[in-house]
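**Q** have a look at this fold, sequence not included:
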């Protein structure tokens, strides 16, 4: 199968590329390298360096590659940036995605697997309703959460009027090797950078907010399994378990030998207090389940960042 991965030079996207290449598929990458890096892309994979906000570039790439499937991961993913610049967030995530869908259909590609955000679109779910299921009310607290969900709605509209086939994977907080600890990183990468440099870590709020953390290889596996799906599909991809910031800090301290107390600062606007995702639907229909528990994942991630620190 010929597969085009947008955002394929980034953290999650590069792992998706690796998984498809290992499975024997022909893969190409579309990425503007704003946050991704060429070093993440295997030598035999073609990189098209361009932005999804460039419709002409998209159409040229689809005409050249003629992929059977698009895995769409290119996005603005920083909640804080979306709050500071909601128009820019909507341009990248909504307009860019519409450009991609239009170019795909014009080029004869009618199948898309989309990286949605299950961690942002549901908002603050009532504790008794956690972990969230696909039918949980959508109530995002940030422009980022809104923009990610709007794209899923566009996919559904295109499915109804243009026969597009899509799978939306609602992802929780993804972590693992290659996540940039200085860019649009999650808390795990940031904590590891600080701990390995013996710098104090910063905790927003009381540290009791919780997220569903999933190892990046499990996410890549979900994309691979979705490649053969037809029709219209929406799946939560998560562990169903919430881990607090303080629990993360404790586990990472043990993994790195870090022994400093955190600095506590006020909570950030737009951040969800507690979220975890029920992936029963993905298990039943996609045959997907997470294989890496958080203790193993954090240990492997800490080892990766320690090795990168030694190189530098």
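**A** That came through fine. Everything numeric in this text was worked out from a predicted model, so none of it was measured. Numbers count the residues shown, from 1 in each chain.

**Q** from now on I want contacts and neighbour counts done on CA atoms only, so please keep to that.
**A** OK.

**Q** not counting its neighbours along the chain, what's nearest residue 132?
**A** residue 277 (4.8 Å; C-alpha to C-alpha, 6 or more residues apart in numbering).

**Q** do residue 190 as well
**A** Residue 190 sits nearest to residue 181 (C-alpha to C-alpha, 6+ apart), 4.8 Å away.

**Q** now residue 213
**A** Using C-alpha to C-alpha, 6+ apart, the nearest residue to residue 213 is residue 173, at 4.8 Å.

**Q** how about the one you found, what does it touch?
**A** 119, 186, 211, 212, 213, 214 (C-alpha atoms under 8 Å, 6 or more residues apart in numbering).

**Q** can you give the distance of the helix or strand containing the first one from its chain's centre?
**A** Secondary-structure assignment from DSSP states H and E places residue 119 in helix 118-121. In terms of C-alpha atoms, centre = their mean, to the nearest Å, the gap separating the centre of helix 118-121 from the centre of its chain is 10 Å.

**Q** quick one: contacts of it?
**A** Contacts of helix 118-121 (C-alpha under 8 Å, 6+ apart): 138-142, 144-146, 148-149, 170-173, 211-212, 236-237, 272, 275-277.

**Q** repeat the analysis, applying 7 Å as the threshold.
**A** Helix 118-121 has contacts (C-alpha atoms under 7 Å, 6 or more residues apart in numbering) with 138, 139, 140, 145, 146, 149, 170, 171, 172, 173, 236, 275.

**Q** in those, which residue is surrounded by the most others?
**A** residue 275 (29 neighbours; other C-alpha atoms under 10 Å).

**Q** grab the nearest non-local neighbour of it.
**A** That would be residue 211: by C-alpha to C-alpha, 6+ apart, it lies 5.2 Å from residue 275.

**Q** also residue 309?
**A** Counting by C-alpha to C-alpha, 6+ apart, the residue nearest residue 309 is residue 196, at 7.7 Å.

**Q** got a pLDDT number for the one you found?
**A** In this model, residue 196 is scored at 95, pLDDT.

**Q** then residue 310?
**A** 70.

**Q** give me the neighbour count for it.
**A** 7.

**Q** please, which helix or strand holds it?
**A** Residue-wise, residue 310 maps onto helix 294-311 under DSSP H and E.

**Q** for that helix, packing partners?
**A** In terms of contacts (3 or more C-alpha pairs under 7 Å, 6 or more residues apart in numbering; DSSP states H and E), helix 294-311 is packed against helix 245-256.

**Q** show me what the helix it packs on is packed against.
**A** Using 3+ C-alpha pairs under 7 Å, 6+ apart: helix 245-256 touches helix 294-311.

**Q** make it 8 Å
**A** If you count contacts as 3 or more C-alpha pairs under 8 Å, 6 or more residues apart in numbering; DSSP states H and E, helix 245-256 packs onto helix 187-196, helix 294-311.

**Q** tell me how far that helix is from the chain's mean position?
**A** For helix 245-256 - counting by C-alpha atoms, centre = their mean - the centre lies 22 Å from the chain centre.

**Q** for residue 38, give me its contacts.
**A** Neighbours of residue 38 in contact, by C-alpha under 8 Å, 6+ apart: residue 9.

**Q** what's the single longest helix in this protein?
**A** The longest helix of the chain (DSSP state H) is helix 143-162.
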